[in-house]
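Participant: just coords:
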């Protein structure tokens, strides 16, 4: 769907094709707000032509951005002129390492955006429902934009590519001492992840109660130990994924989507128990 950018959102000055233009930022999605700066140029606002929006994890696999879905950062996106993906892209970028947003600034014309599926993921259901701004597009999606139009409906959702083994819960790891090397109960959380819990060990983070960041910390340590003990792709998450996703959630201060995602890997399949018991 092509639509004019909303004037209720601020603008930012950008260099496009060696010319300075003013770019409109799109409406925010359900996952996280976009941050930009507003520029007033003799009381007249100009909008840069753009394509983009979001890469995200579709936790329930329904093809729609729901509350509880998490951004998927660092997805590679290629932009091609015309209706075909392939060959040499005219632009390449990765989605934001915290929010999962991306935006290509272009001149008027027809373009194709290719999203490169990350390892251990698969594209979710594409073009589900009537609202193009909250569903997932196909891995190669074509759109035509006129001068000054911003298409913010090119979103790409992903699900885990493998049916994960049920992981062990935070309670399991809190009460068991056989942890995957080289990690022990005394390993400092900050030695592996962003310093969200200063001077606290893995064991202390597992043992703290409460929701919000504390709950995210418990499930992060549990997921990290599961990845080391069970291994990928059997478990379904890699250690580097867990580190990247926790750090992004901590930086964004939006904790629950990532906590829910990690928790789903230890509480997803009735009748399947922790394989380390």
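Facilitator: Looks like it arrived, so ask away. What you see is a predicted model; the values in this text were computed from it and never measured.
Participant: residues near residue 240, how many?
Facilitator: Using other CB atoms under 10 Å, residue 240 is surrounded by 11 other residues. (Each C-beta comes from the backbone N, C-alpha and C, glycine too.)
Participant: ditto for residue 213
Facilitator: By other CB under 10 Å, 17 other residues sit near residue 213.
Participant: Please name the residues that touch the nearest residue to it once chain neighbours are set aside.
Facilitator: Closest residue to residue 213 apart from its sequence neighbours, by CB to CB, 6 or more residues apart in numbering: residue 255 at 5.4 Å. When contacts are counted by CB atoms under 8 Å, 6 or more residues apart in numbering, residue 255 is found next to 212-213, 215-216, 249.
Participant: Give me the phi and psi angles of residue 110.
Facilitator: Main-chain torsions, residue 110, degrees, to the nearest 10: phi -110, psi 130.
Participant: And for the one 3 residues further on?
Facilitator: Comment: the main-chain dihedrals of residue 113 come out as phi -110, psi 130, following degrees, to the nearest 10.
Participant: Residue ranges in this protein under the pLDDT threshold?
Facilitator: Scanning the chain for pLDDT under 70 picks out 1-47, 162-165, 267-273, 277.
Participant: Would you check how far apart the residue nearest the centre of it and residue 133 are?
Facilitator: Centrality entry for the chain: nearest residue to the mean C-alpha point is residue 72, 1.7 Å, by CA atoms, centre = their mean. Distance, residue 72 to residue 133, by CB to CB, to the nearest Å: 17 Å.
Participant: Surely residue 80 is within a helix?
Facilitator: No - Residue 80 sits outside any helix when classified using DSSP: H, G, I helix; E, B strand; the rest coil, being strand.
Participant: Could you list the paired strands of the helix or strand harbouring residue 122 along with their orientation?
Facilitator: Under the criterion DSSP states H and E, the helix or strand holding residue 122 is strand 121-123. Sheet pairing of strand 121-123 (DSSP bridges) gives strand 156-160 (antiparallel).
Participant: residues making contact with whatever helix or strand comes next after the strand it pairs with?
Facilitator: On the C-terminal side of strand 156-160, the closest following helix or strand by DSSP H and E is helix 170-175. Outside helix 170-175, the residues within contact range by CB under 8 Å, 6+ apart are 179, 203, 206-207, 218-219, 221-222, 225, 266, 274, 276-277.
Participant: In helices, which of the residues you listed appear?
Facilitator: In this view, these that belong to helices under DSSP state H are 203, 206-207, 218-219, 221-222, 225.
Participant: mind listing the strands for the stretch 101-250 of the chain?
Facilitator: 101-105, 109-115, 121-123, 140-145, 150-151, 156-160 (DSSP state E, counting those that start in this stretch).
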